[in-house]
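*Asks:* Predicted coordinates and the sequence they were generated for:
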Amino acid sequence: MATEMKAAPPLGSAPPTPSDDSEAERLREENKRLREENERLLSQVQGAQVPGLYSAPAVRTPSLQQLSRIAAKFNLDLDEAELREFQHAMKRPLASYQRLDKLVEPLPPVKWPRTPGWRPQPGENPHNAWYWRTEITGAPSGKLHGKTVVIKDTVAVAGVPMMNGSRIMEGYIPEFDATIVTRILDAGGIIKGKSVCEDLCMSGNSFTSCTGPVLNAHDSSRSSSGSSSGSATLLALNEVDLAIGGDQGGSIRLPAAWSGVVGHKPTYGLVPYTGIVPMDITVDHVGPMARTVEDVALMLEVLAGYDNGLDPRQPPNLIVPEYTSQLTGDLSGMKVGLLKEGFGQELSEDDVDDMVRDAAHKLTSAGATVEEVSIPIHYPDGTHIWAPMSIDGTTETVVRGKGFGVGWKGFYPTSMVDAITRGLKSRPNDMSVTIKLLVLIAEYVHENYGNRYYGKGQNLGRTLTNAYNEALSRYDVLVLPTIPYKALKLPSEGTSISELCRMALTQVSNACPFNVTGHPALSINAGFSQGLPVGMMIVGRHFDDATVLKVAHAFERIRDSKP
């Protein structure tokens, strides 16, 4: 695929102060040239506008019937004469929409060539974890040179089909690369394809994707968890070295736990979310997954860093340390807090709790001190704070906001917005039961209570954050089970809607509070019980991902050491 044509600098941008008249004249001529070049590019891409000739409108003037319907929606009583007046008054403002449609918008670059790839046959995809296969190579050297990578199908890869696990987006092909895709290729990674994810990512199980359930790598009758189900499964099957996951309520950490791999939800804003389908801008995270902590740390070095204002989740003064150099195995002087409320929950299994406690206490052999700490707001109120934010926020962003909503500065992938808009109009009945449940709840609450509970959740999110921060002022990390129970059996045909919804949404109790607060959190395999992996979650201070990775690596060395 060809590299994107570079757009001219913004029109009317102020030139530097000239040192003399000749310099000023030169700058005026250069500015004139750039204006002409910009107009030429507009003509090439959109077609020259010839005065006096018909040009199909991008935005039609609404009919009186359409205006009447809109007026009724907002309880406006307008007679036909008033509607005609408003119809006439709209023509001038709509001219801005027409002009905007003709302008060429800047896109993230496509630097590395590729072919569209192929949809894998069932025989080469027995666990249903691949959505699409590719072979995209980047730089001939770099930190990820020779490493194979799978990209979660929420992330745009130019020229490669994308559906986010949903019929809503089926057939969409992005024309740009997400920032993290470019960074992976710039670092020498090889993108082997897109992994299956849950329908619009709204499931902690692995059966809602429209391409079918993702089967657990350790027991094909069980769930891989979600929503980054394919990424975790492909890692557990040794089909790729590295994977990208997304996390709004645990969706990196949950499948990592049930697949026995490592998944890291970075600090909120550390890794740019540019070019990725969101759920709610305040809980969106994207991050690395791998079989080892060292590979996760290496990938984080590549992914992390400021994206020049394209992602409003990011602070501009980000510093990315060399995480791999801090993986020493020595935890001398460090304090580990076993989060009391993460254990003994309503759905907790004793063997999971015991295994995670035992795993945490093994850190003492690396020099750490381990003791219990209580944070009462963690459970169940952490989940109760997250749930309305997730339900209302996702519906507002993805459904009402047609994918990306409004009100933030950054890159809006308008082709993706168009695809989601068309899909929501043409295929709403094809959405999963979990998405339908979310929409029904959110619309009912919105109609009767407005945004009260979303706002209250955001306000109490600060209280939740402060509670964790207080504990983390006394402990270097917190430890708890990633999911309180082992992998569930996948549902059979005929399972009721209510049971499907229950199975999809109960995994998040320990994971989702940290999406509200933005703390870095990693899941690592603590061991196996009854042949199934058990995940241990390690949580750290904001932008101290290095310590989380250091503790995880120390445990990994202890776990894998020979007696």
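*Replies:* Noted; the coordinates are in hand. Numbering: from 1, shown residues only.
*Asks:* and the residue sitting nearest the centre point of the chain, which of the three is it?
*Replies:* Centroid check for the chain by C-alpha atoms, centre = their mean gives G246 as the closest residue, at 3.9 Å. The local conformation at G246, judged by DSSP: H, G, I helix; E, B strand; the rest coil, is strand.
*Asks:* wait, it sits on K152?
*Replies:* Yes. G246 is within contact range of K152, at 5.5 Å (criterion: C-beta atoms under 8 Å). Glycine gets a C-beta too; all of them are placed from N, C-alpha and C.
*Asks:* Now for those two: what residues contact both?
*Replies:* Listed as contacting both G246 and K152 by C-beta atoms under 8 Å, 6 or more residues apart in numbering are C197, S228, V286.
*Asks:* can I get these in a markdown table with pLDDT and distance to I497?
*Replies:* Putting these into a markdown table (pLDDT from 0 to 100; distance: C-beta to C-beta, whole Å) gives the following:
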| residue | pLDDT | distance to I497 |
| --- | --- | --- |
| C197 | 98 | 21 |
| S228 | 98 | 24 |
| V286 | 98 | 30 |
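*Asks:* and I497, how many neighbours does it have?
*Replies:* I497: 11 surrounding residues under other C-beta atoms under 10 Å.
*Asks:* Next up, the contacts around it.
*Replies:* I497 neighbours (C-beta under 8 Å, 6+ apart): V433.
*Asks:* again, only this time at 10 Å
*Replies:* V433, T434, K436, L437 (C-beta atoms under 10 Å, 6 or more residues apart in numbering).
*Asks:* just those now: which is nearest P315?
*Replies:* Relative to P315, the closest of the contacts of I497 is T434; by C-beta to C-beta it sits at 32.7 Å.
*Asks:* Just the helices from the stretch 151-300 of the chain, written as ranges.
*Replies:* Using DSSP state H, counting those that start in this stretch, the helices of the stretch 151-300 of the chain run over 179-186, 229-236, 253-259, 293-303.
*Asks:* Over to the stretch 401-550 of the chain?
*Replies:* Going by DSSP H, counting those that start in this stretch, the stretch 401-550 of the chain shows helices at 414-426, 433-449, 452-472, 497-505, 513-517, 545-560.
*Asks:* Compare those and give me the one nearest I184.
*Replies:* Of all the helices of the stretch 401-550 of the chain, helix 545-560 sits nearest to I184, with 18.1 Å by C-beta to C-beta.
*Asks:* Pull out the buried positions in the closest one.
*Replies:* Neighbour-count burial for helix 545-560 flags 545-556, 558 (criterion: 16 or more other C-beta atoms under 10 Å).
*Asks:* try stretch 400-414
*Replies:* For stretch 400-414, the neighbour count (16+ other C-beta under 10 Å) marks G401, K402, G403, F404, G405, G410, F411, P413 as buried.
*Asks:* between the helices of the stretch 401-550 of the chain, which one is nearest to T364?
*Replies:* helix 545-560 (9.7 Å).
*Asks:* Tell me which other helices or strands that closest one touches.
*Replies:* Where contact means 3 or more C-beta pairs under 10 Å, 6 or more residues apart in numbering; DSSP states H and E, helix 545-560 is packed against strand 262-265, helix 293-303, helix 350-361, strand 477-481, strand 521-529, strand 532-539.
*Asks:* which strands and helices sit next to the first one?
*Replies:* What it means is strand 262-265. With contacts defined as 3+ C-beta pairs under 10 Å, 6+ apart, the secondary structure elements packing on strand 262-265 are helix 229-236, strand 242-247, helix 253-259, strand 285-290, helix 293-303, strand 521-529, strand 532-539, helix 545-560.
*Asks:* so which of those is the most packed in?
*Replies:* Mean neighbour count (mean count of other C-beta atoms under 10 Å) peaks for helix 253-259 among the helices and strands packed on strand 262-265, with a mean of 36.
*Asks:* Quickly find the element holding A72.
*Replies:* Using DSSP states H and E, A72 sits in helix 64-73.
*Asks:* Quick check: buried residues in that helix?
*Replies:* By neighbour count, with 16+ other C-beta under 10 Å as the criterion, the buried positions of helix 64-73 are L67, S68.
*Asks:* A546 touches L522, doesn't it?
*Replies:* No. Using C-beta atoms under 10 Å, A546 is not in contact with L522; the gap is 11.4 Å.
*Asks:* Find the residues that touch each one of those two.
*Replies:* Contacts common to A546 and L522, judged by C-beta under 10 Å, 6+ apart, are G540.
*Asks:* Now A359. Nearest residue, chain neighbours left out?
*Replies:* Of all residues not flanking A359 in the chain, A526 sits nearest, at 4.0 Å (C-beta to C-beta, 6 or more residues apart in numbering).
*Asks:* so what's that neighbour up against?
*Replies:* Contacts of A526 by C-beta under 10 Å, 6+ apart are 257, 260, 352, 355-360, 362, 479, 481-482, 533-537, 555, 559.
*Asks:* hang on, the earlier thing: turn the buried residues of helix 545-560 into TSV, including pLDDT and distance to E175.
*Replies:* Converted to TSV, the buried residues of helix 545-560 look like this (pLDDT from 0 to 100; distance: C-beta to C-beta, whole Å):
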residue	pLDDT	distance to E175
D545	98	32
A546	98	36
T547	98	40
V548	98	36
L549	98	35
K550	98	40
V551	98	41
A552	98	38
H553	98	39
A554	98	44
F555	98	43
E556	98	40
I558	98	47
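*Asks:* returning to what we had before: ok, the buried residues of stretch 400-414 vs K456, which is closest?
*Replies:* G405 (19.5 Å).
*Asks:* For that closest one, give me the pLDDT.
*Replies:* With respect to pLDDT, G405 scores 95.
*Asks:* how much space is there between the nearest residue to it once chain neighbours are set aside and P93?
*Replies:* Spatial nearest neighbour of G405, chain neighbours left out: T397 (4.2 Å); criterion: C-beta to C-beta, 6+ apart. According to C-beta to C-beta, to the nearest Å, T397 and P93 sit 25 Å apart.
*Asks:* higher neighbour count, these two?
*Replies:* Counted by other C-beta under 10 Å, T397 and P93 do not tie: T397 has more neighbours, with 21 against 8.
*Asks:* what about the more buried one, which SS state?
*Replies:* Classified using three-state DSSP, T397 is helix.
*Asks:* who touches it in this structure?
*Replies:* V277, P278, M279, D280, I281, T282, D284, G403, F404, G405, V406.
*Asks:* Return the member of these nearest to L339.
*Replies:* Among these, T282 lies closest to L339 (C-beta to C-beta), at 22.7 Å.
*Asks:* So that closest one sits against R462, correct?
*Replies:* No. The pair formed by T282 and R462 falls short of the contact definition of C-beta under 10 Å, at 11.7 Å.
*Asks:* and for the two, which residues touch both?
*Replies:* Common neighbours of T282 and R462 (C-beta under 10 Å, 6+ apart) are V516.
*Asks:* export the buried residues of helix 545-560 to TSV and tack on distance to G450?
*Replies:* Converted to TSV, the buried residues of helix 545-560 look like this (distance: C-beta to C-beta, whole Å):
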residue	distance to G450
D545	37
A546	42
T547	41
V548	38
L549	42
K550	45
V551	43
A552	42
H553	47
A554	48
F555	46
E556	48
I558	51
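*Asks:* Kind regards, and thank you for your time.
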